[in-house]
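K.L.:
Quick check, what structure comes out for this input:
(one chain, ligands or ions: 1)
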Amino acid sequence: MGALSNIEREAVARASAEPMLAQVEAWAAVNSGSRNLAGLETTAAMLADAFSVLPCEMSLEAAAPVESVDPSGRKIPLEHGRNLHLTVRPNAPVQLLFTGHMDTVYGPDHPFQEMAWLEDGVLGGPGVADMKGGIAVMLAALKAIETVGAQQIGYEVVINSDEEVGSLGSAALLSKAARGKRAALTYEPAALPDGTLAGARPGSGNFDFTIHGRSAHAGRNPEDGRNALVAAAELAIRLKDGMGPRLSVNPARIDGGSPNNVVPDLAVLRVNIRPATVEDQGRAQSLIDSAVAMVAASHEVSIDVHGHFARPPKPVTPEIQALFGVVRQAGADLGQSIDWKPTGGVCDGNNIAACGVPVIDTMGVRGGKIHSPEEYLIVESLNERAALSALTILRLAEGA
Ligand SMILES: [Zn+2]
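P.N.:
Residues are numbered from 1 along each chain as shown. Got it, this is the predicted structure:
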């Protein structure tokens with residue numbers, strides 16, 4: 001740690017001394033599946049309490065309205081939990097953004113609810129790595145920064161409640177908070193258990209195509225019918241045929257249909273599309289537009305398209321490269337060797353990068369098997385990563 005100034009040394013020591021494990025255990029004991037609004041509300045209150053030690057303006061912000069398409073093609077409101085939003089020193093010269101998510105992929109009905117020590121120093125449990133551990137790391141680093149006194153740094157914190165279901169209710173809050181920030185740190189777990197960070201990420205969009213045809217008797221006058229199910233099937237195939245190495249298309253479900261003696265007049269096709277880059281996203285949009293136009297014309301059906309690329313692709317820009325350089329140097333000065341690699345997953349880092357703000361989105365803990373009942377946290381990584389964040393933040397403030 002020879003390369004550290006006295007303030008840096010103190011911040012690192014304070015960050016790694018925070019009681020992070022106890023926080024992770026308390027937070028992971030409460031179910032906060034993305035659709036468990038009551039559990040999310042409890043979790044939000046616990047987090048608000050923990051973060052209130054920061055000299056902040058704090059609010060719990062309601063989710064933006066979101067609609068989903070039900071199996072009969074109707075748009076229905078989809079509720080999301082409230083999002084924790086903090087502002088600290090909004091007039092300080094250096095403005096940063098810190099984000100995390102309080103939701104997990106495990107709803108109250110999921111069998112994985114309990115924490116258990118898998119071995120010495122390895123804690124299994126729902127959300128311990130993704131990302132209650134990461135939130136503890138973020139808070140520890142921010143507390144340390146406040147203790148050493150860093151009046152030149154101002155920041156916003158957003159901890160949303162719907163990241164695991166695409167951040168549809170919190171995307172507007174995230175992009176508002178990203179405005180004017182020098183850099184952002186997001187506390188997803190490291191991409192690999194050895195601590196490797198995530199670099200480039202593809203984009204992702206979910207689409208619902210509601211197809212209205214015309215029903216008719218299957219025997220008496222089938223020629224008067226316009227078969228929505230067949231149109232949905234052809235649309236699925238046309239979209240899938242547009243797939244390539246930089247564009248993944250997954251037709252996932254068709255709702256609708258009718259009794260066997262009726263030409264079906266309704267089908268809803270659900271598709272996930274993942275473009276590697278912004279150009280590929282443009283290509284995907286043209287593919288959607290042309291496939292929809294072609295199928296609508298040839299089957300004489302109407303097609304309503306619902307959805308968008310809620311996670312824009314996150315390429316590695318020179319600004320992100322430079323931010324990674326700061327994190328890697330901080331790691332090197334702490335005796336941690338930090339690498340990064342592209343990943344297939346998406347997260348709020350996609351949305352922040354799309355606002356033009358450089359972001360490193362895997363500043364959270366080391367662990368693994370996330371989104372599975374084997375999810376685990378490597379406990380010693382709490383200290384490591386809190387130290388890494390504290391040092392990175394101080395160096396960002398210097399304009400490193
Ligand atoms: Zn996550």
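
K.L.:
buried stuff in the lengthiest helix in the chain?
P.N.:
Ranked by number of residues, the top helix in the chain under DSSP state H is helix 278-299. The neighbour-count check on helix 278-299 (16 or more other CB atoms under 10 Å) flags Asp280, Gln281, Arg283, Ala284, Leu287, Ile288, Ala291, Val292, Val295, Ala296, His299 as buried. In this view, the C-beta of every residue, glycine as well, is placed from N, C-alpha and C.

K.L.:
and what of stretch 145-155?
P.N.:
Ile145, Glu146, Val148, Ala150, Ile153, Gly154, Tyr155.

K.L.:
now, which of those lie within strands?
P.N.:
Within the buried residues of stretch 145-155, residues falling in strands by DSSP state E are Ile153, Gly154, Tyr155.

K.L.:
Can you pull the residues of the stretch 301-400 of the chain lying near the ion?
P.N.:
For the stretch 301-400 of the chain, no residue is in contact with the ion (CB under 5 Å from the ion).

K.L.:
wait, what's in contact with the closest residue to the ion within the stretch 301-400 of the chain?
P.N.:
Distance from the ion to each residue of the stretch 301-400 of the chain (CB to the ion) is smallest for Cys347, at 6.0 Å. By CB atoms under 8 Å, 6 or more residues apart in numbering, Cys347 lies in contact with Glu163, Thr186, Glu188, Arg201, Arg311, Asp361.

K.L.:
can you do 10 Å?
P.N.:
Taking CB atoms under 10 Å, 6 or more residues apart in numbering as the criterion, Cys347 is in contact with 99, 101, 130-131, 163-164, 167, 186, 188, 198, 201, 204, 311, 314, 359, 361-362.

K.L.:
and of the ones in strands among the buried residues of stretch 145-155, the nearest to the ion?
P.N.:
For those, the residue nearest the ion by CB to the ion is Tyr155; the value is 20.4 Å.

K.L.:
Is it correct that the closest one is in contact with Gln95?
P.N.:
Yes - judged on CB atoms under 10 Å, Tyr155 makes contact with Gln95 at a distance of 6.5 Å.

K.L.:
what touches both of the two?
P.N.:
Residues within reach of Tyr155 and of Gln95 at once, by CB under 10 Å, 6+ apart, are Thr87, Val88, Arg89, Lys181, Arg182.

K.L.:
Just grab the bridge partners of the second one for me.
P.N.:
Counting by DSSP bridges, Val88 is bridged to Tyr155.

K.L.:
Show the model's pLDDT score for it.
P.N.:
On the pLDDT scale, Val88 is placed at 98.

K.L.:
Distance check, it against the ion.
P.N.:
Distance check for Val88 against the ion: by CB to the ion, to the nearest Å, it reads 23 Å.

K.L.:
do the first one as well
P.N.:
Using CB to the ion, Thr87 is found at 23 Å from the ion.

K.L.:
give me the number of residues near the residue lying closest to that residue once chain neighbours are set aside?
P.N.:
Spatially, and ignoring its direct neighbours in sequence, Thr87 is nearest to Glu57 (4.6 Å; CB to CB, 6 or more residues apart in numbering). Residues within reach of Glu57, counting by other CB atoms under 10 Å, total 12.

K.L.:
likewise Glu41?
P.N.:
Using other CB under 10 Å, Glu41 is surrounded by 14 other residues.

K.L.:
helix or strand for it, which one?
P.N.:
Per DSSP states H and E: Glu41 is located in helix 37-51.
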